[in-house]
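1. just the structure for this:
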Amino acid sequence: MNRYLYDGTPEGLVSAIAGILDNGTDPQVSLLVERQDTLFEEGLFFRTDPVAAESLFSRLRQKAPDAVHTLWYFMMAETEGQETSLLRYVALALQHGDRINGHLTDADVKAIVSTARKAGRELHRMKGLLRFEQLRDGTWLARMEPDHNVIHPLARHFSRRLKGQQWFIYDVRRRSAAHWDGQALSFGTLEQFSRPELSDEELEVRAMWQAFFRTIAIPERKNPRLQKSNMPAKYWKYLTEKQGE
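-> Residues are numbered from 1 along each chain as shown. Have a look, this model is predicted:
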């Protein structure tokens with residue numbers, strides 16, 4: 001078994017996969033893991049190479065564009081321990097094209113496609129569940145704690161939907177933030193976060209929305225199981241209509 005190492009970054013992972021495939025090594029007898037920097041760690045280390053990573057993406061776009069989307073969603077999942085499966089998935093995608101996503105009898109393909117779909121579903125769900133609150137300075141803030149690192153595509157989605165407002169999206173779990181200033185989108189990290197005060201208008205709207213949410217509810221048709229299926233309880237913490245229950 002050939003053992004290979006990468007630096008733990010998404011770009012480093014793709015670079016390592018590109019290097020292994022370019023070397024002609026059989027992915028089925030290869031093991032790809034994150035480098036731990038231990039004294040007796042064995043394996044060939046691949047340095048992050050943006051050119052090699054982009055070259056691999058270009059080849060995938062031509063041969064298997066659907067696989068590129070799968071790879072994109074997989075990277076959002078931040079799943080550990082599936083690097084070798086990803087290596088084998090990419091090799092098979094270059095061989096079979098977009099048909100690869102249907103080869104779910106292959107354990108490696110199934111693992112990658114399943115993980116990517118989970119991240120994709122959460123991204124889609126967050127587009128509907130993210131709640132923006134107006135702050136005293138007129139800007140808007142949305143907080144979230146998703147399982148997957150979806151802040152980049154989510155922010156790009158809202159930069160098209162909410163062009164006229166200035167807003168922030170804050171991922172509490174990862175301490176990462178996106179900011180739209182009305183013209184450009186930027187990303188960064190926050191070591192500390194103190195929730196700003198809400199505007200008076202926001203407090204009034206919140207109260208009205210919560211009253212509306214309670215009023216339209218029909219007790220006889222209440223279905224907690226269905227509600228949690230469409231609006232999972234783990235997201236309720238930041239949903240205006242669920243606060244105070």
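
2. C-alpha from now on. contacts and neighbour counts both.
-> Will do.

3. pLDDT weak spots in this protein?
-> 244-245 (pLDDT under 70).

4. got the domain boundaries for the chain?
-> Following automatic domain parsing, the chain resolves into domains at 2-123, 130-242.

5. any chance of those domains in a markdown table, plus mean neighbour count?
-> What follows is the domains of the chain, written out as a markdown table (neighbours: other C-alpha atoms under 10 Å):
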| stretch | mean neighbour count |
| --- | --- |
| domain 2-123 | 18 |
| domain 130-242 | 15 |
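
6. which stretches in the chain count as strands?
-> For the chain, the strands defined by DSSP state E cover 2-6, 30-34, 44-45, 132-134, 140-144, 167-171, 176-180, 185-189.

7. please enumerate residues in contact with the fourth one?
-> The reference is to strand 132-134. 140, 141, 142, 143, 198, 199, 201, 202 (C-alpha atoms under 8 Å, 6 or more residues apart in numbering).

8. look up how far residue 228 lies from the closest residue to residue 178 other than its chain neighbours.
-> Nearest residue to residue 178, sequence neighbours excluded (C-alpha to C-alpha, 6 or more residues apart in numbering): residue 187, at 4.5 Å. Distance, residue 187 to residue 228, using C-alpha to C-alpha, to the nearest Å: 31 Å.

9. what does residue 175 give?
-> Residue 175 is 26 Å from residue 228, by C-alpha to C-alpha.

10. same question for residue 122.
-> 14 Å.

11. top helix in the protein by residue count?
-> helix 107-129 (DSSP state H).

12. so what's the spatially closest residue to residue 172 that is not a sequence neighbour up against?
-> In space, not counting the residues next to it along the chain, residue 172 is nearest to residue 145; the distance is 5.5 Å by C-alpha to C-alpha, 6+ apart. By C-alpha under 8 Å, 6+ apart, the contact set of residue 145 is 171, 172, 173, 235.

13. show me the contacts for the closest residue to residue 70 other than its chain neighbours.
-> Counting by C-alpha to C-alpha, 6+ apart, residue 70 lies nearest to residue 116, which is 5.7 Å off, once chain neighbours are set aside. Counting by C-alpha under 8 Å, 6+ apart, residue 116 makes contact with 70, 71, 72, 73, 74, 75, 76, 77.

14. repeat that for 7 Å
-> By C-alpha atoms under 7 Å, 6 or more residues apart in numbering, the contact set of residue 116 is 70, 73, 74, 77.

15. kindly report the same for residue 9.
-> With C-alpha under 7 Å, 6+ apart, residue 9 has no contacts at all.

16. any idea how far residue 180 is from it?
-> Taking C-alpha to C-alpha, one finds residue 9 at 26 Å from residue 180.

17. these two touch, right, residue 88 and residue 27?
-> Yes: counting by C-alpha atoms under 7 Å, residue 27 is a contact partner of residue 88 at 5.5 Å.

18. find the nearest non-adjacent residue to residue 148, please.
-> residue 77 (4.7 Å).

19. oops, could you answer that again for residue 84 instead?
-> Residue 84 sits nearest to residue 32 (C-alpha to C-alpha, 6+ apart), 4.9 Å away.

20. cool, residue 209 as well?
-> Residue 209 sits nearest to residue 241 (C-alpha to C-alpha, 6+ apart), 6.6 Å away.

21. on that earlier part again, put together JSON lines for the contacts of residue 116, with distance to residue 4 on each row.
-> Below are the contacts of residue 116 laid out as JSON lines (distance: C-alpha to C-alpha, whole Å):
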{"residue": "70", "distance to residue 4": "23"}
{"residue": "73", "distance to residue 4": "23"}
{"residue": "74", "distance to residue 4": "20"}
{"residue": "77", "distance to residue 4": "22"}
